[in-house]
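Undergrad: using only what follows, build the 3D model:
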Amino acid sequence: MDNYKAGRMCGELVKEALPNGGGVMLFIGRLEHLNFKLRRQGVIDELFGRPVPESHDKIAYDPVQGVLDGGKYKILGTAVTGFVQARQKADDAIAAYPEMKAMVGLFEYNLPACYQALKQADKLGKIKLVGFDENDVTLQGIKEGFVTGTIVQNPYQYGYQSIKVLKDLIEGKDNLDGKDFIDVIARKIVKENVDPYWTDLKSRKTGNEGERPRRHE
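TA: Modelled structure (predicted):
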């Protein structure tokens, strides 16, 4: 998955949730790796209306510390947190930023932590939620209407495409056409498609091939 493109898709969901703009808080597990930096920057660039760069090496990264003001949208901060601290960071953000209009969880565990913090603070629905990956809390929140949507990867295709390339190489074939990256496209999961997606996901996890519906890519 191209994490920069996925980040911009996440930014699109934020814009749908906040058409009039507002303060947005980002939550991410870590920023040491390039793919996580790309994901965060994609969100920011989309919200700030910046053009898509020609390539990843043309991306300019905004600082993690401090407020980023893009006019219509403002990034109040980026909370970098591990799994254990995720809930506390969400609680802290709710207390520190009364002007916050949306919380964006860029790791699988970030959005559930934000959801629980908002629930405890009686602010579910008052502050918008957008996430990444397919945690059950996230998907249930989409069904309930408290989560605008989430961006999901397709790890099953990661495995399939990897083995396909290896098989072709062994057989002397070259199906890459000079490419060095296979982009397994990320997907938006929102209220309109969460039910078929979740059903398909459960069938894959349990291995019930006979009960599996048609794939929803």
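Undergrad: quick one: stretch 104-112 to chain centroid distance?
TA: In terms of Cα atoms, centre = their mean, to the nearest Å, the centre of stretch 104-112 is found 7 Å from the chain centre.
Undergrad: got it, and stretch 168-175?
TA: 34 Å.
Undergrad: what comes into contact with it?
TA: Lys164, Val165 (Cβ atoms under 8 Å, 6 or more residues apart in numbering). Bear in mind the C-beta positions are built from the backbone N, C-alpha and C, glycine included.
Undergrad: then stretch 43-61?
TA: 4, 7-12, 14-15, 24, 26, 37-38, 41, 62, 68, 70-73, 75, 104, 106.
Undergrad: so which of those residues sit within strands?
TA: Mapping the contacts of stretch 43-61 onto strands (DSSP state E) picks out Val24, Leu26, Leu68, Tyr73, Ile75, Val104.
Undergrad: which pair in these spans the largest distance?
TA: Leu68 and Val104 (13.0 Å; Cβ to Cβ).
Undergrad: okay, the two: which has more neighbours?
TA: The neighbour count for Leu68 versus Val104, taken as other Cβ atoms under 10 Å, is higher for Val104 (29 against 19).
Undergrad: can you pull the contacts of the residue nearest to Ala90 when sequence neighbours are not counted?
TA: In space, and not counting its chain neighbours, Ala90 is closest to Ala117: 3.7 Å by Cβ to Cβ, 6 or more residues apart in numbering. Under the criterion of Cβ under 8 Å, 6+ apart, the neighbours of Ala117 are Arg87, Ala90, Asp91, Ala93, Ile94.
Undergrad: please, which helix or strand holds the second one?
TA: Remark: Ala90 resides in helix 86-96, with elements defined by DSSP states H and E.
Undergrad: send me that helix as PDB with only the CA atoms.
TA: Only the C-alpha atoms of helix 86-96 are listed here, as PDB (Å, rounded to 0.1, in the frame of the first residue of the first chain):
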ATOM      1  CA  ALA A  86      -3.000   5.400  23.600                       C
ATOM      2  CA  ARG A  87      -6.000   5.900  25.800                       C
ATOM      3  CA  GLN A  88      -4.300   8.300  28.100                       C
ATOM      4  CA  LYS A  89      -3.100  10.400  25.100                       C
ATOM      5  CA  ALA A  90      -6.700  10.500  23.900                       C
ATOM      6  CA  ASP A  91      -7.900  11.600  27.300                       C
ATOM      7  CA  ASP A  92      -5.200  14.300  27.500                       C
ATOM      8  CA  ALA A  93      -6.100  15.700  24.000                       C
ATOM      9  CA  ILE A  94      -9.800  16.000  24.900                       C
ATOM     10  CA  ALA A  95      -8.800  17.900  28.000                       C
ATOM     11  CA  ALA A  96      -6.200  20.100  26.400                       C
END
